[in-house]
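Asker: Build me a structure from this.
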Amino acid sequence: MPSFKIDLSTAVVFVATAPTPKVVNKQTGERAMDRETGAGLSTVGLLISDEGEGNLYQVTIPETGLPEGLMPGVPVRVVGLKARDWENEFNGQKRHGISFRAVAITSAA
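Answerer: Got it, this is the predicted structure:
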């Protein structure tokens, strides 16, 4: 499925929730890995505010793109943010949504 670049040039971005490892299988605890680099993937909650509207997004980022000490409330810049739609079937029910992925997060300070 195609992905779409998201322009954050006019947005203000803050960390809402600290990075947590992204898990492929909750039963085994297997961590999700980047297919290209082999780096472990993490999910970070980001509050993105632009044009008077703020939204919380869960963004997947390789651990190689995460700075040390990323804490809630810290202003950041997001490098290479993309959105991709997805659809799957689980227990006979179709689910769909949009996932967000970035190359890295850097400090905005």
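Asker: Flag the shaky bits of the chain, pLDDT-wise.
Answerer: Across the chain, the stretches falling below the confidence threshold (pLDDT under 70) are 1.
Asker: Tell me the spacing between the most far-flung residue of the chain relative to its centre and residue 51.
Answerer: With distances taken as CA atoms, centre = their mean, the residue sitting farthest from the centre of the chain turns out to be residue 92, at 27.3 Å. With the distance defined as CB to CB, to the nearest Å, residue 92 ends up 40 Å from residue 51. C-beta: built from backbone N, CA, C; applies to glycine.
Asker: residues in contact with the spatially most central residue of the chain?
Answerer: Within the chain, the residue whose C-alpha comes closest to the C-alpha centroid is residue 59; the distance, by CA atoms, centre = their mean, is 1.1 Å. Under the criterion of CB atoms under 8 Å, 6 or more residues apart in numbering, the contact partners of residue 59 comprise 43-46, 78, 81, 100-102.
Asker: just curious, which of those residues is nearest to residue 65?
Answerer: Top of the list for closeness to residue 65, among these and by CB to CB, is residue 102 at 7.0 Å.
Asker: sorry, back to before: quick one: the residue nearest to the centre of the chain from residue 12, how far?
Answerer: Per CB to CB, residue 59 is found 15 Å from residue 12.
Asker: Residue 103 reaches residue 60, doesn't it?
Answerer: No. With contact defined as CB atoms under 8 Å, residue 103 does not reach residue 60; the gap is 10.7 Å.
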